[in-house]
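**Q** Would you be able to build a 3D model of this:
(one chain, ligands or ions: 1)
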Amino acid sequence: MYTKAELEQFVEQAKQYARYGKVADYIPALGKADPNDLSIAIYLPDGNVIDAGDTTHKVTLQSISKIIALALVLMDRGEQEVFRKVGMEPTGDPFNSIAKLEEVQPAKPLNPMINAGALAVTHMIAGASVAERFERLLQFVRKLAGNPTITYSQEVAQSEFETAFLNRSLCYFLKQHGIINEDVEELMDLYTKQCAIEMTCIDLARIGLVFAMDGCDPFTDEQMMPLDVARICKTFMVTCGVYNASGEFAIKIGIPAKSGVSGGILAAVPGRFGIGIFGPALDDKGNSITGMKLLELISKTYSLSIF
Ligand SMILES: NC(=O)CC[C@H](N)C(=O)O
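**A** As a prediction, the model looks like this:
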């Protein structure tokens, strides 16, 4: 079970779908990615890693960072405060949609996985300055991945910062409604750096493993986050992890997972292992088209659905 040869074969199969996808270019620096890239790592609790494709490629977290920021903020502020500012319901809308913000009363983003909700979460990262808040988040990411060398791509952060007009609009809306009260440019600085944290799919898989193990690092036995925090994060991965494709994903794949527009996917198979994928060709909902296919093949072959 889970042999490298088998994974390589799945990668080749899934790669065929790259031609139906498109690399994200609304963040100009992401447009440079090669749509035919596809790599995967499976991280097991005994330390074994099975991988396929070029796993030296680095992927920026983008929306995958939302799940990690949420874990940190739940620890910083507690459930009650966090869910006062952001809801728990899927939207059925694209990740960057502004539409529901006007419909829901009192105005608060429906969940922390859409951009509006993620901006509210990033706003709640504790610290005296943007630099200190980012450093805390980065240290947490490094700890989860067991890799102290992880950093962020200045190029991608800068590229998003210069073009994130829609995210700025979301911020101003949230500020008007008292969900955030900090300077929008500062929040955008922090958020774009958060999204630009980069790592390989092996690092992604290791973070997925920690979530799979209910927040416990199986190599140090350290509880990286309370059980409840890991449970909340995994629940959001199931209900909103791949935005408005989450329903279909639950039926076809059924593994808690979080995607990002860079083409990364982090998945946690509860009690068993973590998966990291990088495939930059995206489908029309902003999820890796090859990565989703790959996960589907793996889930069906190994019966990994939690349902
Ligand atoms: N879906 C995503 O990965 C979105 C993240 C991206 N940084 C944005 O805010 O637009």
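
**Q** can I see the domain layout of the chain?
**A** Domain ranges of the chain: 4-59+200-300, 63-195, per automatic domain parsing.

**Q** deepest of those, which one?
**A** domain 4-59+200-300 (a mean of 21; mean count of other CB atoms under 10 Å). Every C-beta, even on glycine, is put in place using the N, C-alpha and C of the backbone.

**Q** and that domain, how far out from the chain's middle?
**A** Offset of domain 4-59+200-300 from its chain centre (CA atoms, centre = their mean, to the nearest Å): 9 Å.

**Q** Do me a favour and get the backbone dihedrals for Thr220.
**A** With angles defined as degrees, to the nearest 10, Thr220 sits at phi -120, psi -10.

**Q** rewinding a little: turn the domains of the chain into JSON lines, including distance to the ligand.
**A** JSON lines is the format used below for these (distance: least, CB to the nearest ligand atom, whole Å):
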{"stretch": "domain 4-59+200-300", "distance to the ligand": "4"}
{"stretch": "domain 63-195", "distance to the ligand": "3"}
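
**Q** between those domains, which one is nearest to Ile306?
**A** domain 4-59+200-300 (5.5 Å; CB to CB).

**Q** ends of the closest one, how far apart?
**A** 17 Å (CA to CA, to the nearest Å).

**Q** I'd assumed Ser153 was in contact with Ala29.
**A** Yes - counting by CB atoms under 8 Å, Ser153 is a contact partner of Ala29 at 7.5 Å.

**Q** looking at this structure, which helix or strand is least sure?
**A** Sorted by mean pLDDT, DSSP states H and E, the helices and strands of the chain end with helix 99-103, the least confident at a mean of 82.

**Q** which residues touch that one?
**A** Thr91, Asp93, Ala107, Pro109, Leu110, Ala116, Leu170, Phe173, Leu174, His177 (CB atoms under 8 Å, 6 or more residues apart in numbering).

**Q** so how far is that helix off the chain centroid?
**A** For helix 99-103, the distance to the chain centre is 23 Å (CA atoms, centre = their mean).

**Q** measure stretch 263-280 end to end?
**A** Stretch 263-280 end-to-end distance (CA to CA) = 4 Å.

**Q** Averaged pLDDT, that stretch. What do you get?
**A** Confidence for stretch 263-280, expressed as mean pLDDT, is 98.

**Q** returning to that earlier point: restricting to C-alpha, output the least confident helix or strand of the chain in PDB.
**A** Output of helix 99-103 as PDB, limited to C-alpha atoms (Å, rounded to 0.1, in the frame of the first residue of the first chain):
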ATOM      1  CA  ALA A  99     -22.000  39.700  -1.900                       C
ATOM      2  CA  LYS A 100     -23.000  38.000   1.400                       C
ATOM      3  CA  LEU A 101     -21.500  40.700   3.500                       C
ATOM      4  CA  GLU A 102     -24.400  42.900   2.900                       C
ATOM      5  CA  GLU A 103     -27.100  40.200   3.300                       C
END
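
**Q** next SSE after it?
**A** In the C-terminal direction, the helix or strand that comes right after helix 99-103 (DSSP states H and E) is helix 115-123.

**Q** Show me what that next one packs onto, helices and strands only.
**A** Other elements packing on helix 115-123 under the criterion 3 or more CB pairs under 8 Å, 6 or more residues apart in numbering; DSSP states H and E are helix 65-77, helix 79-85, helix 165-176, helix 184-195.

**Q** what's in contact with it?
**A** Residues contacting helix 115-123 (CB under 8 Å, 6+ apart): 63, 65-66, 69-70, 73, 82, 85-87, 95-96, 98, 101, 108-112, 166-167, 170-171, 173-174, 179-180, 182, 187, 190-191, 194.

**Q** Mind putting the domains of the chain into a markdown table with distance to Ile306?
**A** Shown next, in a markdown table, are those (distance: least, CB to CB, whole Å):
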| stretch | distance to Ile306 |
| --- | --- |
| domain 4-59+200-300 | 5 |
| domain 63-195 | 17 |
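
**Q** Just give me the least confident of the contacts of helix 99-103.
**A** Minimum confidence in the contacts of helix 99-103 sits at Ala107, scoring 81.

**Q** Against Val156, how distant is the nearest residue to that residue once chain neighbours are set aside?
**A** Nearest residue to Ala107 in three dimensions, chain neighbours excluded: His177, at 4.0 Å (CB to CB, 6 or more residues apart in numbering). Taking CB to CB, to the nearest Å as the measure, His177 falls 29 Å from Val156.

**Q** go on, Ile265?
**A** 18 Å.

**Q** How about Ala120?
**A** For Ala120 relative to Val156 (CB to CB), the value is 22 Å.

**Q** Please name the nearest non-neighbouring residue to Ile67.
**A** Ile67's closest residue in space is Lys258 (CB to CB, 6+ apart), at 4.7 Å.
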